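K.L.:
Would you be able to build a 3D model of this:
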Amino acid sequence: MISPSQHLVLVGMMGTGKTTVARVLGDRLSRPVLDSDAVIEARTGRTVREIFAADGEPAFRALETEVLRQALASDTPSIIAAAGGVVLSATNRALLKSSGARVVWLCADPATLVERVKGGGHRPLLDTDPAGTLQRMFDEREPLYREVADAIVLIDSRSVGEVVEAVLR
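P.N.:
Just a heads-up that it's a prediction; the model follows:
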């Protein structure tokens, strides 16, 4: 259960619906919603794709850590939709575990994600071989998501409303 003073952080692969679920949860719980990719784009004035192209993935990951740290340090309990790769950093995993936030992993089969991310031109890591890339990413990240998650919500074949209800449970 989520306490009134806790942040709720949604983690999971790209395409699991973190942003959409966070918005619905924010409305339901009357909390602000922070989407880490959107915060990064607003701060830099550039898209994730532009940051990757100009500065590389390490620069994006550093921004991701900064945004996560600031979101978790806020006194206002929020719904935080973390970037899909947030768990790749040991620093970020430590922040999530030590923050007192409730962390929920929105988990999907990579085959489900392939269908969900079709046409997602803002995802530079999927430019070539989306299915293979998503499977490799899942294999690499699955133990890391498990490490930080207080709860796991399977999203395959579930509506947004069903996922929201499962997160709230």
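K.L.:
Contacts for the top strand by length along the chain, please.
P.N.:
The residue-count maximum for a strand in the chain (DSSP state E) belongs to strand 102-107. For strand 102-107, contacts defined as Cβ atoms under 8 Å, 6 or more residues apart in numbering pick out 2-3, 6-12, 16-18, 21, 96, 145-146, 148-155, 163, 167. (C-beta placed from N, C-alpha, C; glycine too.)
K.L.:
residues touching the residue nearest to the spatial centre of the chain, list them.
P.N.:
Centroid-nearest residue in the chain: Ala82, 3.1 Å away (criterion: Cα atoms, centre = their mean). Contacts for Ala82 (Cβ under 8 Å, 6+ apart) come out as 9-11, 18, 36, 68.
K.L.:
could you pull out the strands for this protein?
P.N.:
Here the chain has its strands, by DSSP E, at 8-11, 33-35, 79-81, 102-107, 151-154.
K.L.:
Sheet-wise, list the partners of the first one with their directions.
P.N.:
Applying DSSP bridges, strand 8-11 is found paired with strand 79-81 (parallel), strand 102-107 (parallel).
K.L.:
Show me where the protein dips below the pLDDT cut-off.
P.N.:
Counting by pLDDT under 70, the chain contains low-confidence ranges at 116, 118-128.
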